[in-house]
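Asker: quick one: sequence and predicted model below, then my questions.
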Amino acid sequence: MSDTLDILSFPLFGISPVQNQIQFPFGYGLHLENYSASSGHYPQVPHEAVPSQLNNQYVADYHSACYSIPVQSVMTPSVGPSMLNTQQSQQLYSGAPHPVESAGGPTQGAISSASHLHTSVPQSYSALSSHYSSLTSSSVASQGFPLSSGHYAMPTVSSAVYPNLSYPSMSIGSPYGQVFTSQSLPAVGQFEETNAFPGQSSTVPRTLPHQVPLGYNSTSWSTSDFQSAQDNFSRNHTGSQAKASSQINTGIVLCMQYGGYVNNQASSAPAPLSSSSDDEEEDEEDEEAETNSATSSPAPTPQTSRAPKPFGYGYPTLQPGYQNTTPSTSAMQPSNPGITVLQCSYFFQQYPGVNQLSSTLGGLSLQHSQQPESLRPVNLTQDRNILPVSPVLAPVPNLNSDLRKLNCSPDSFRCTLTNIPQTQALLNKAKLPLGLLLHPFRDLTQLPVITSSTIVRCRSCRTYINPFVAFIDQRRWKCNLCYRVNDVPEEFMYNPLTRSYGEPHKRPEVQNSTVEFIASSDYMLRPPQPAVYLFVLDVSYNAVEAGYLTIVCQSLLENLDKLPGDSRTRIGFITFDSTVQFYNLQEGLSQPQMLIVSDIDDVFLPTPDSLLVNLHESKELIKDLLNALPNMFTNTRETHSALGPALQAAFKLMSPTGGRISVFQSQLPSLGAGLLHSREDPNQRSSTKVVQHLGPATDFYKKLALDCSGQQTAVDLFLLSSQYSDLASLACMSKYSAGCIYYYPSFHHSHNPAQSEKLQKDLKRYLTRKIGFEAVMRIRCTKGLSIHTFHGNLFVRSTDLLSLANVNPDAGFAVQMSIEESLTDTSLVCFQTALLYTSSKGERRIRVHTLCLPVVTSLADVYAGADVQAAVCLLANMAVDRSVSSSLSDARDALVNAVVDSLSAYISTASNLQQSTLIAPNSLKLFPLYILALLKQKAFRTGTSTRLDDRIYAMCQIKSQPLVHLMKMIHPNLYRIDRLTNEGTIHVNDRVVPQPPLQKLSAEKLTREGAFLMDCGSIFYIWIGKSCDNSFIKDVLGYPNYASVPQKLTQLPELDTVSSERARSFISWLRDSRPLSPVLQVIKDESPAKTDFFQHLVEDRTEAAFSYYEFLLHIQQQICK
């Protein structure tokens, strides 16, 4: 290999001898000497999984000592894409179910036939306009992570220790009664939670009781059932598909798949980062926990049916201080022990019947009270001013005041329905989607952080104790998800808040729905990884000419000391054009050393031990390199880009530890593995017919991402291009490794200053925000509910376990749910998400969010609790999948039918409404407007010139943005700012902030005498009318008149005028509400850039799209058919 390795010397750099090719070390332990972990911490490894569904060849042994878990057979329908349109709203659909493994090795024939790549789970999706989840039980192929391999023994001590717990003088009932800054939070590694989620209704033989946690058995097994399960098991391993047909009532089927986690050409995955001894240690822990769990509370005998029990059935009458007498057994145990209904810890009195329940919980049933505002009928075609004057807030669940105070913030956890239908049939009647929108790692100013040797969890379903569990007495609590009765550990009897003993219901874990635990060594199997950052930089001619290197290097120099990490933090750099260049930054060198590998077909690491260096030990060499890089390639004429080989080298370099790879790319990869060719036809950008090439051209980047995910490495992509770069293919490197994507079209440091400013601001946030490494996330829900589809940048390990090599506070996720069993036994349901991660400081942490919602039995109650923004965001995620798996036109039709079917169902159930008018409940009055806005968004619009990369990036944002940011992308906020007054102002940090009313997104609201601000989330537009008052232009913009305002104005000057202070205060307030600082662009009325502004006026008609009023008439016409 000597002819493939060159040592290049340039003025700043010295030269040292170069070794021959070094065999790349797979396996974590080989590089332990490069960093140390504190003694005694041998944390859990999150990658205890075999991604068995990657395909026949991609059967990487993520875990050398895989769990011996019996295979579970699940029959699920597979919904295939079909050519559907708005006229097909009454079609019937039949699909063949696919057998699916739930834990174990690779399975053939268990994957949907769609050939496209998708971000979520390879499975059938629900009908968007009909049965959102009726026939969509999980077809998630297990990807190797055992579903229920046991639980952990909980150590019990006599007293609690809370070294990291600090509490302000806030009421105990406050959701954030404990203050702990989240800015220094570490990230957590991997869940050792390997049980099946509560709502799963998989068929499991009774001879395997450990596969079915207590409270999960809903039906008795017969001999035929068991034989059927054996047949299913056999089919799973032969690849044959069970043939079954089912019918979906009405509407278009939204069978949206973002690409399966199966690839027929995938290569072997790298070795896991854990050792066999660690694996055996975890197996022993699981077995011990399994034994303890089984002996402490035996599973009840399954029953085919149960009579509904009133809320609080079987609970003893206890005062808040608890009675000392032991309740009688008959008073505590219903006819089906261990499967009683939920009771919140705030209600200790007996509730003998359902009648008392309504008044006690503040009226969960809306039938016995005055009609709520959310059910007020709105005539959409007559009421033209439906947009509220202030931003739309999340609906508040109809719970009593105590539960409402304790509930999780909608900024973290939000459901599309705040009233959960009791049955799937009721949900089908409502024709509304059921799902969750998550923002689990968002920045929090107040977060209770708890350190304890005992983390209290349900011994059956592994739910973390939370405010919505029921304390039967001082020593026992009932899980609010599976209803199992658990013992209260001795340590949990002590309350660190009051320093009192015997009040477990006042512990911080039970007083806050969002908490963070410092995980014990039970949750770890290897030392927590250090923060490792690798930057892979394109230095081809296009990249150098665009000038991004200067901005990146300068941002790194400014924020080098702010990178999250500790004394073990490591950093490295790779550059590439037609070759791959490495940089030796080993401590002791007088200057950095460049090492060039020209053999891109067999790329290797020239000096593996000196390419990733300790940030603090080699800081001066790193600064020298960053100062030199922008000028090193100034005279390059190399136009080729070997991105694929550079990524292969980066993967080899990061595999021993894991971490984050930041890739900066400026053009289409043209050399080596992963090379791409232009697929875009510029003449088809305005096509109203088929939009092609929404999926990747090669599986190289997906396979590489899966390899990276297996080694706890995420890949973040910064695409700075002036021409088509096939983002549909390149984005896979981030989608499947839990990375993030940044896109800067037409980037040039001088020709496009707005993009340069945006890159600077994005980099500052990107380099300094907190980060979680080697994370996993599990979502649990009350028995009877089932989660079946995930959306976001992630890797699905099993039916309810998500692998996130990195997690950042700007990432959002979505999940779809169905109701598998009737919820007649409970009046409340709960959802809990637990995110286990390793912080940049090397701590394992677990962030837990718990959401509680009421169960309702009437259709009116379902509509009253609809969260229209959450529903639109979930439908947007589903539509992206549909666009890739089927076609863009199918996705658009499905979105329209979602509105048609939901409003049609509402009108048909309201006997007092005229069938010829378009009526919506107040909770859904914005549904048509938001869907129209979504149809005009870059991801889904047709007939308007849209670059393919722009469209793909919009789809990527929909799949990964939190709800609050996604809604501004879909439906921006428009304000008039030339007449800001003190009326309705708010005071924020001694600053007076005006609150102008929201305006309709229509040109009819614009006036040439005014100035308007449009908040699109990542960008602010200020449109100035031709006849705008000169006093505003002078006092706010700093120019004497309209004519003197420049075309490219991106900042407001700080002027000592009342108008300037008001405008800047309002814009600053908007900026402070989001993590990324938006770019400001001032647009004059005759400016060419006004097209960017006017395309967001979604209520207006365009050549290719309806106006809002026309869209309403179209909806009404479809309903009346």
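Answerer: Arrived safely.

Asker: downstream of the helix or strand I661 falls within, the next helix or strand is which one?
Answerer: Using DSSP states H and E, I661 sits in strand 659-665. Using DSSP H and E, the next helix or strand after strand 659-665 towards the C-terminus is helix 700-710.

Asker: list the helices and strands that next one packs on?
Answerer: Under the contact criterion of 3 or more C-beta pairs under 8 Å, 6 or more residues apart in numbering; DSSP states H and E, helix 700-710 touches helix 643-654, strand 713-721, helix 732-735, strand 801-807. For every residue, glycine as well, the C-beta is placed using N, CA and C.

Asker: could you dump the ones you listed into TSV and include mean pLDDT and distance to P1088?
Answerer: Conversion of the helices and strands packed on helix 700-710 to TSV gives the following (pLDDT from 0 to 100; distance: least, C-beta to C-beta, whole Å):
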stretch	mean pLDDT	distance to P1088
helix 643-654	97	33
strand 713-721	96	21
helix 732-735	97	32
strand 801-807	95	39
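
Asker: out of these, which is closest to S756?
Answerer: Nearest of those to S756, taken as C-beta to C-beta: strand 713-721 at 9.8 Å.

Asker: show me what that closest one is packed up against.
Answerer: Checking 3+ C-beta pairs under 8 Å, 6+ apart, strand 713-721 ends up next to helix 643-654, strand 659-665, helix 700-710, helix 727-730, helix 732-735, strand 741-745, helix 753-768, strand 801-807.

Asker: and the angle for the last one with strand 659-665?
Answerer: Same thing as strand 801-807. Interaxial angle of strand 801-807 relative to strand 659-665 (axes from the mean of the first three to the mean of the last three C-alpha atoms, to 10 degrees): 70 degrees.

Asker: what ranges does the stretch 851-1000 of the chain have for its helices?
Answerer: Per DSSP state H, counting those that start in this stretch, the stretch 851-1000 of the chain carries helices over the ranges 859-864, 868-885, 888-909, 927-935, 948-960, 963-970.

Asker: which of those is buried the deepest?
Answerer: helix 868-885 (a mean of 27; mean count of other C-beta atoms under 10 Å).

Asker: for that helix, name the packing helices and strands.
Answerer: strand 435-438, strand 785-791, strand 813-819, helix 888-909, helix 927-935, helix 948-960, helix 963-970.

Asker: SS state for Y837?
Answerer: The assignment at Y837 comes out as strand when based on DSSP: H, G, I helix; E, B strand; the rest coil.

Asker: so what sits opposite it in the bridge?
Answerer: Judged by DSSP bridges, the bridge partners of Y837 are R845.

Asker: that one reaches A775, doesn't it?
Answerer: Yes: in terms of C-beta atoms under 8 Å, Y837 counts as a neighbour of A775; the distance is 3.7 Å.

Asker: pLDDT below threshold where in the stretch 801-950 of the chain?
Answerer: 911-915 (pLDDT under 70).

Asker: 80 instead, please
Answerer: Scanning the stretch 801-950 of the chain for pLDDT under 80 picks out 910-916.

Asker: next one: the stretch 651-800 of the chain
Answerer: 683-690.

Asker: do the stretch 951-1100 of the chain as well
Answerer: For the stretch 951-1100 of the chain, the ranges with pLDDT under 80 are 1075-1076.

Asker: could the helices of the stretch 851-1000 of the chain go into TSV alongside distance to T826?
Answerer: Putting the helices of the stretch 851-1000 of the chain into TSV (distance: least, C-beta to C-beta, whole Å) gives the following:
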stretch	distance to T826
helix 859-864	15
helix 868-885	22
helix 888-909	25
helix 927-935	29
helix 948-960	33
helix 963-970	27
